[in-house]
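Student: What would the 3D arrangement of this be:
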Amino acid sequence: MGAAVSLTGKFSTDGQHTKNGYEMAVKRVNDAGGIKVGGKTYKLEIKLYDDESSNERVASLVERLIVQDNVKFILGPYGSPLTAAIVPVTEKFKIPMIQANAASRSLFTKGYRYAFAVLSTSDQYLSSAVDLLAEKAKEVGKQPSSLKVAMAMGDDAFSLDVRAGILEAAKKNGMQVVIDDKVPDNFTDISATLARVKAVKPDIFLASGHATGAATATKQVADAKIDVPMFAMTHCDSAQIAEKFKGISEGILCASQWAPTLSYKDKWFGSAGDYNNLFKKTYNYEAPYQAAESSAAVLVFADAFARAGSLDTEKVRDAIAATDMETFYGYIKFDDTGKNIAKPMMLYQVQNADYVVVAPTKFATAKLIYPRKTP
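Tutor: Numbering: from 1, shown residues only. Got it, this is the predicted structure:
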């Protein structure tokens with residue numbers, strides 16, 4: 001298998017998580033004896049290049065993997081923009097590609113035949129926080145239609161899809177969107193937005209700008225002493241806000257694809273908790289969902305190789321399309337667009353400098369603190 005991932009550039013933090021997830025799964029599958037394909041046993045290997053967080057570079061590297069390195073199976077890069085840049089390449093050469101870190105809805109509307117994704121789409125990331133706010137408002141006798149929504153979204157495909165999901169959820173609940181700001185995708189300053197947040201006093205503030213954005217929003221909301229009942233973001237765990245911003249990150253809600261407390265399990269890693277323990281032992285930090293979903297993509301390939309009984313790319317592609325499996329990361333089943341339709345999003349909340357699952361209710365390990373107590 002081959003992949004181009006961001007080891008340098010603006011996506012380098014999440015790119016490193018992606019690389020770690022791929023490599024740990026490859027080692028795990030090989031340590032378990034490899035894959036039996038048509039009566040022969042194979043070991044997995046992954047060839048990696050640094051795409052430098054560049055759309056132009058990632059596309060040329062994936063073509064190099066296919067044409068020069070003879071790689072017949074591709075794992076995705078980190079992020080929707082980079083994945084969108086390589087899919088035309090994998091489609092052109094009819095190479096199966098499983099990606100784990102590109103959630104943009106637009107990737108699933110173009111009729112791609114060889115592209116599959118194990119993660120939930122980006123419009124689902126923070127819409128669940130809006131729904132949770134509506135639920136909590138009703139519990140205290142308030143109408144959701146009386147609530148005000150404010151958001152700061154990065155100027156990138158992923159964050160703009162997150163925004164679309166928020167707008168749909170706000171409309172469904174009759175809420176008023178009072179601040180809808182677009183932030184340049186380096187997301188290093190939202191002070192102008194926060195000045196307006198302080199003035200209009202929304203009921204929820206939502207932010208999405210990858211790991212950089214999560215760190216920026218955590219620090220600047222605290223610096224500005226913003227008092228908002230619900231504060232939700234993407235990429236909290238990859239930015240390590242609970243670890244790096246103790247105290248000021250308390251009560252923040254974090255959209256996540258996965259949590260180590262979930263009850264999923266598989267034959268390679270065991271439970272979600274077992275995966276997290278092995279990841280911590282290997283890399284000396286808690287497994288972020290970017291690593292977990294990357295490992296899951298490798299497992300889907302391993303499963304598909306075995307079921308295809310062949311390394312023919314068309315047979316493997318058809319086996320991937322027929323995937324219906326449980327992994328430590330969650331259930332994986334693809335619809336006709338290549339989207340995983342079997343796994344819900346999670347919402348963490350930072351409580352006592354730890355990430356605890358508060359939604360969906362069936363997976364919750366702690367009760368939501370609402371309204372958020374301003375640190």
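
Student: what residues are up against V183?
Tutor: For V183, the contacting residues are A152, M153, G154, D155, D189, I190, T193, G209, G213, by CB atoms under 8 Å, 6 or more residues apart in numbering. For every residue, glycine as well, the C-beta is placed using N, CA and C.

Student: go with 6 Å
Tutor: Contact analysis of V183 by CB atoms under 6 Å, 6 or more residues apart in numbering lists A152, G154, I190.

Student: Looking at those residues, which is nearest R28?
Tutor: The shortest approach to R28 among the contacts of V183 belongs to G154, at 33.3 Å (CB to CB).

Student: May I see the PyMOL selection of the buried members of the contacts of V183?
Tutor: Here is the PyMOL command that selects the buried residues among these (16 or more other CB atoms under 10 Å):
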select buried, resi 152+154+190
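
Student: Could you single out the nearest of the contacts of V183 to P371?
Tutor: A152 (19.8 Å).

Student: among the contacts of V183, which are in strands?
Tutor: Judged by DSSP state E, the contacts of V183 include A152, G154 as members of strands.

Student: can you list the contacts of V183 in CSV and add pLDDT and distance to P184?
Tutor: Formatted as CSV, the contacts of V183 follow (pLDDT from 0 to 100; distance: CB to CB, whole Å):
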residue, pLDDT, distance to P184
A152, 97, 11
G154, 94, 8
I190, 96, 10
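
Student: Pipe the contacts of V183 into CSV and attach distance to Y331 per row.
Tutor: What follows is those, written out as CSV (distance: CB to CB, whole Å):
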residue, distance to Y331
A152, 33
G154, 29
I190, 36
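
Student: What is the nearest of the contacts of V183 to K19?
Tutor: G154 (22.4 Å).

Student: And that closest one, how far from M97?
Tutor: If you measure G154 against M97 using CB to CB, to the nearest Å, the figure is 25 Å.

Student: So for stretch 51-62, what gets flagged as buried?
Tutor: If you call a residue buried by 16+ other CB under 10 Å, then stretch 51-62 has these buried ones: D51, E52, S53, S54, R57, V58, A59, S60, L61, V62.

Student: Equivalent analysis for stretch 112-130, please.
Tutor: Burial within stretch 112-130, assessed by neighbour count using 16+ other CB under 10 Å, is assigned to 112, 114-130.

Student: one step back: which ones among the buried residues of stretch 51-62 are found in helices?
Tutor: Under the assignment DSSP state H, the buried residues of stretch 51-62 contribute R57, V58, A59, S60, L61, V62 to helices.

Student: Quickly name whichever of the residues you listed is closest to R163.
Tutor: Distances from R163 to these, taken by CB to CB, are shortest for V58, at 24.1 Å.

Student: per-domain residue ranges of the chain.
Tutor: When the chain is parsed with automatic domain parsing, its domains come out as 2-121+260-333, 126-233.

Student: Check which element follows the helix or strand hosting I332 along the chain.
Tutor: Per DSSP states H and E, I332 falls inside strand 330-333. Under the assignment DSSP H and E, the closest C-terminal helix or strand after strand 330-333 is strand 346-351.
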